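Trainee: I would like the atomic coordinates for the input below:
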Amino acid sequence: MKPARHTGWAHIVFRPYLHHLVRCSFHSVQILGELPPFSEDRSVLLLPNHSTWWDGFIIYLINDLVWQKKPFVMMEEKQLDRFPFFNRLGAYSVRPGDREDVEKTLAYSARLLENPRHLLFLFPQGKLLPWHQRPLTFKAGFSHILSASSGKPDVFICGIRTEFLGDQRPDIFIMFRKIENSAFSPAPAALKMDMLLQEMENSIIQGETGHRLFTGRQSPGSR
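Mentor: As a prediction, the model looks like this:
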């Protein structure tokens, strides 16, 4: 298990690069519903769905623009070995299938939530899956982390969806929903995520645009 090694220069380098990358790749990043005002007195566990390569970057972007908590994300060790720079941005490793390593990683995650400055985001589906794939299931890791932590984090699920609409570049839609203790286990949390994703789909079909958090570069066809 490789813990995160936050380094100031890594964030300084990565922030403008990420802003440039998102600006060139998307028409907008829009928040459907309310953007939760994370408390300074509590850590946050964020559980996004995971259907695109961009998901972790988008959470990093929102945190950088709005919450500015210290970010952490669990990452499969073979991926972290491929991209060790992410270790400097808050990524730490887990080796699925290695019970001892998984237990160490979960215990480390639980300790992270004891610091109110921390934002921990995990992808509870455990791997990247198509947005429409159902049934939607969550791994039990986040539930074990919450049980083991002496912190009292706020817990949110987060839907992320990319859509091509009226521009050459796609729009990203995000929706958050806080969940309470009764949903701190895989099946109830997955059910709430399923409902949230359906609500997002209905909002997009009805033409809701939400709050524009980030605007991309103008497409050549719309100049």
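
Trainee: does A10 sit in a helix, a strand or a coil?
Mentor: Under DSSP: H, G, I helix; E, B strand; the rest coil, the three-state class of A10 is helix.

Trainee: which helices and strands does the lengthiest helix in the chain pack with?
Mentor: Counting residues, the longest helix found in the chain (DSSP state H) is helix 186-205. Using 3 or more C-beta pairs under 8 Å, 6 or more residues apart in numbering; DSSP states H and E, the elements in contact with helix 186-205 are strand 28-32, helix 141-148, strand 154-163, strand 171-179. Where C-beta positions appear, they are placed from N, C-alpha and C, glycine not excepted.

Trainee: I'd like the next helix or strand past that helix.
Mentor: Sequence order places strand 211-215 as the next helix or strand after helix 186-205, per DSSP states H and E.

Trainee: how about low-confidence regions in the protein?
Mentor: Along the chain, segments meeting pLDDT under 70 span 221-223.

Trainee: So what touches stretch 175-191?
Mentor: Stretch 175-191 is contacted from outside by 31-36, 47, 124, 135-140, 142-143, 146-147, 154-159, 192, 196, 199-200, 203, using C-beta atoms under 8 Å, 6 or more residues apart in numbering.

Trainee: List the buried residues for it?
Mentor: For stretch 175-191, a neighbour-count test (16 or more other C-beta atoms under 10 Å) marks M175, F176, R177, I179, A183, F184, S185, P186, A189, A190 as buried.
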